[in-house]
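1. quick check, what structure comes out for this input:
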Amino acid sequence: MSSKVFVGNLEFSTTKDELETLFAEAGSVVDVFLPSDRATGRPRGFAFVEYSSEEEAAAAIKKFDGYEMGGRSLRVNAAEARSPGPGRGGGFAPSSGFGPNAPPGGSNRFGGGGGGGKSKGSRRNLRAKKRSL
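-> Down below sits the predicted model:
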């Protein structure tokens, strides 16, 4: 387990100082990262809190998972290591099915993908060759 925890379902008005004060009750907080949306600058509703030890992180998960803050029930769990990809230096985040480590052929989740077989271009070229015969 990592000494970093993921805190989800945050009220958008939650500040870094509020999180640091609250999570310091479970141990020594090293860092609080509260990401914001690139386009709007608005907080994204989740944060990462890093502790000095794995034991403190486990205590925070036990103490604050389901804790009510700002009228919302917090979701607190261990942060998963993020695989490094193009433009990323690693870090921690919930995993997704997209990116360089995704299965080939794309994802059929949204109706796309497919992956196998010939492209339309090869069929068009074949038709053109048949017409010229």
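2. could you check which helix or strand contains Val129?
-> If you look again at residue 129, you'll see it is Lys, not Val. In the assignment (DSSP states H and E), Lys129 maps to helix 120-132.
3. that should have said Thr21, apologies.
-> helix 16-23.
4. pull out the buried residues from that helix.
-> Buried positions in helix 16-23, judged by neighbour count with 16 or more other C-beta atoms under 10 Å: 18-19, 22-23. All C-beta spots, glycine's among them, are computed from the backbone N, C-alpha and C.
5. can you redo these as JSON lines with pLDDT and distance to Arg38?
-> As requested, the buried residues of helix 16-23 are exported to JSON lines (pLDDT from 0 to 100; distance: C-beta to C-beta, whole Å):
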{"residue": "Glu18", "pLDDT": "96", "distance to Arg38": "23"}
{"residue": "Leu19", "pLDDT": "96", "distance to Arg38": "21"}
{"residue": "Leu22", "pLDDT": "97", "distance to Arg38": "26"}
{"residue": "Phe23", "pLDDT": "97", "distance to Arg38": "25"}
